[in-house]
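# Fold the following.
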Amino acid sequence: MTSSGTRSLKGLRRGNKEAVLFLLMRGGEMSRVRIASSTGLTTASVTQLVKDLIAEGLVAESGELPREVAGRRETLLKFEAGSVAAIGVNVESDRTHLSACTWNEVLREEIYPTAELFADGTGKLKERINELAKLCEGRIFAGAGIAIVGLTDDEEGESVSSYGVLPDGYALANDIAAGTGMHVEMTNNVRAQARALMTGKEDSFMLVKHGPGVGCAVIADCAVVAGAANRAGEIGHTVAKEGGEPCRCGKRGCLEAYVSERRIRTLYLAKTGNEISISEIYDKYGEDAAATEILDGCLDLLAVSIGNAAMLLNPVRVLATGGIFSREKLFDAFRAAVVKAGFGGSFALSRIGDDKKLKAFSGARHVILRRVFGL
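Model (predicted):
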């Protein structure tokens with residue numbers, strides 16, 4: 001989509017220009033000389049690329065390096081994070097987050113019950129996407145990024161299996177593109193959230209997301225580990241107990257069948273006779289015996305499964321987000337469970353909280369990474 005006042009991506013050359021942009025996004029302010037050294041490009045090539053990027057509004061000069069010896073001062077350059085915008089759609093079993101974002105700012109976020117949003121097909125979704133796109137005018141518009149629960153065919157833009165949110169094999173990306181006139185990219189929601197976090201100097205990590213289900217994405221050297229059939233990271237559907245509880249995927253004994261939020265609420269109702277929200281159960285941890293026992297059991301299972309995966313994959317760090325990890329006291333208990341399971345000191349472990357606005361950024365940053373940075 002190129003609306004009035006919205007600039008086009010057609011002027012961007014592929015390859016070296018993207019490499020320079022990505023370097024500035026990850027590394028912060030740099031001089032032309034340092035960019036040349038980091039990329040292996042000649043200074044003359046970098047000078048021309050930077051000239052083009054400044055003309056397009058993607059890069060700006062931001063000051064000068066202090067001069068230590070006689071000679072010309074080096075000018076610093078920065079990525080103009082607010083110059084590019086996109087629409088993000090993060091579809092999960094319970095809620096869907098819609099957003100208009102620049103690279104570093106959420107311009108607006110809307111949250112809907114997923115069942116309500118898709119009650120009459122995708123009409124309301126397309127309507128809201130078109131409305132949010134108005135906030136992107138005046139910026140380079142990358143399109144819409146769809147992040148959806150379950151298995152996806154990213155090349156075809158299909159939801160292979162979204163566990164009942166959409167019909168299996170639904171060509172959601174094509175549907176949205178046809179209804180909005182936008183370029184649309186689609187991928188699994190946890191992978192999109194991992195890509196949204198791909199802004200550091202060492203982008204090799206494992207992201208584990210807890211909520212209605214359990215998802216995992218692995219980033220190695222700035223690339224998603226996809227696997228032979230694009231199913232890498234399905235930690236929730238590894239078997240925790242052989243021949244155990246039935247799972248929504250069709251197998252029995254999956255990790256997700258024992259630690260999902262639905263399972264936690266079911267166990268609490270069975271133990272206490274009280275039906276309360278998952279948020280209330282999390283808040284009762286350490287104060288209510290039933291809540292504490294149930295959640296400790298979940299944390300123990302998660303610690304073993306995540307620890308085993310981390311030992312196999314050897315990421316630089318393991319990040320945990322959502323659900324049972326959303327409370328600091330529960331994350332502290334999870335960290336203790338990891339130590340108890342024998343993985344203490346085996347990998348760096350940290351929590352991604354709501355302040356990162358991961359669900360708002362996920363789809364938007366996914367499409368920006370594809371179209372602006374070529375990743």
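
# where does the stretch 201-350 of the chain dip in pLDDT?
Low-confidence segments of the stretch 201-350 of the chain (pLDDT under 70): 201-202.

# how about the helices in it?
255-259, 261-272, 278-283, 289-313, 328-340 (DSSP state H, counting those that start in this stretch).

# Could you tell me which residues within stretch 157-168 count as buried?
Going by neighbour count (16 or more other CB atoms under 10 Å), the buried part of stretch 157-168 is 157, 158, 159, 160, 161, 162, 163, 165, 166. The C-beta positions use only the backbone N, C-alpha and C, and glycine is treated the same way.

# Just name the most buried of the helices of the stretch 201-350 of the chain.
Of those, the one with the most neighbours on average (mean count of other CB atoms under 10 Å) is helix 255-259, at a mean of 24.

# so what does it touch, helix or strand wise?
Packed against helix 255-259 by the contact rule (3 or more CB pairs under 8 Å, 6 or more residues apart in numbering; DSSP states H and E) you find strand 214-220, helix 289-313.

# For those, give me a markdown table that also has distance to residue 326.
Shown next, in a markdown table, are the helices and strands packed on helix 255-259 (distance: least, CB to CB, whole Å):
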| stretch | distance to residue 326 |
| --- | --- |
| strand 214-220 | 14 |
| helix 289-313 | 12 |
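
# can you tell me which residues contact residue 329?
Contacts for residue 329 (CB atoms under 8 Å, 6 or more residues apart in numbering) come out as 285, 286.

# quick one on the thing from earlier: now the buried residues of stretch 157-168 in a markdown table, with pLDDT and distance to residue 17?
Shown next, in a markdown table, are the buried residues of stretch 157-168 (pLDDT from 0 to 100; distance: CB to CB, whole Å):
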| residue | pLDDT | distance to residue 17 |
| --- | --- | --- |
| 157 | 93 | 26 |
| 158 | 94 | 31 |
| 159 | 94 | 33 |
| 160 | 93 | 34 |
| 161 | 90 | 37 |
| 162 | 91 | 36 |
| 163 | 85 | 40 |
| 165 | 91 | 37 |
| 166 | 93 | 36 |
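
# Mind checking which of those land in strands?
158, 159, 160, 161 (DSSP state E).

# what about residue 203, neighbour count?
If you count neighbours by other CB atoms under 10 Å, residue 203 ends up with 18.

# circling back: out of the helices and strands packed on helix 255-259, which comes closest to residue 24?
strand 214-220 (19.7 Å; CB to CB).

# Which strands or helices does the closest one pack on?
helix 189-196, strand 205-210, helix 255-259, helix 289-313.

# ok, now with 10 Å
Applying 3 or more CB pairs under 10 Å, 6 or more residues apart in numbering; DSSP states H and E, one finds that strand 214-220 makes contact with strand 184-188, helix 189-196, strand 205-210, helix 255-259, helix 289-313, strand 317-321.

# what's the closest of those to residue 152?
Evaluated over these, closeness to residue 152 peaks at strand 184-188, with 5.1 Å, by CB to CB.

# Pull the closest one out as PDB, backbone CA atoms only.
Extracted as PDB, the C-alpha positions of strand 184-188 are listed here (Å, rounded to 0.1, in the frame of the first residue of the first chain):
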ATOM      1  CA  VAL A 184       1.700  -8.900   3.600                       C
ATOM      2  CA  GLU A 185       4.100 -11.200   5.300                       C
ATOM      3  CA  MET A 186       3.100 -14.000   7.700                       C
ATOM      4  CA  THR A 187       4.800 -16.300  10.100                       C
ATOM      5  CA  ASN A 188       4.300 -18.200  13.400                       C
END
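
# in its sheet, what does it sit against?
Here strand 184-188 is paired, per DSSP bridges, with strand 140-148 (parallel).

# report the angle between the axes of the partner strand and helix 189-196?
Between strand 140-148 and helix 189-196, the angle comes out at 140 degrees (axes from the mean of the first three to the mean of the last three CA atoms, to 10 degrees).

# any idea how far strand 140-148 is from the chain center?
Strand 140-148 sits 13 Å away from the centroid of its parent chain (CA atoms, centre = their mean, to the nearest Å).

# cool, stretch 326-339 as well?
In terms of CA atoms, centre = their mean, the centre of stretch 326-339 is set 22 Å apart from its chain centre.

# same thing with stretch 223-230?
Using CA atoms, centre = their mean, the mean C-alpha position of stretch 223-230 is found 15 Å from that of the whole chain.

# what about it, start to end distance?
One end of stretch 223-230 sits 13 Å from the other (CA to CA, to the nearest Å).

# List the contacts of it.
151-155, 160, 187-188, 191-192, 194-195, 198, 203-204, 206, 217-219, 232-234, 313, 315, 375 (CB atoms under 10 Å, 6 or more residues apart in numbering).

# and the residue lying closest to residue 59 once chain neighbours are set aside, what does it touch?
Leaving aside its sequence neighbours, residue 59 sits nearest to residue 53 (CB to CB, 6 or more residues apart in numbering; 3.9 Å). Each residue near residue 53 by CB under 10 Å, 6+ apart is listed here: 12, 17, 20, 21, 24, 59, 60, 77, 79, 80, 83.

# that older thread, minimum distance to residue 97: which of the helices and strands packed on strand 214-220 has it?
Ranking the helices and strands packed on strand 214-220 by proximity to residue 97 (CB to CB) places helix 189-196 first, at 9.7 Å.

# quick one: average pLDDT of the closest one?
The pLDDT scores in helix 189-196 average 95.

# buried stuff in stretch 83-103?
By neighbour count on 16+ other CB under 10 Å, the buried set for stretch 83-103 is 83-93, 95-103.
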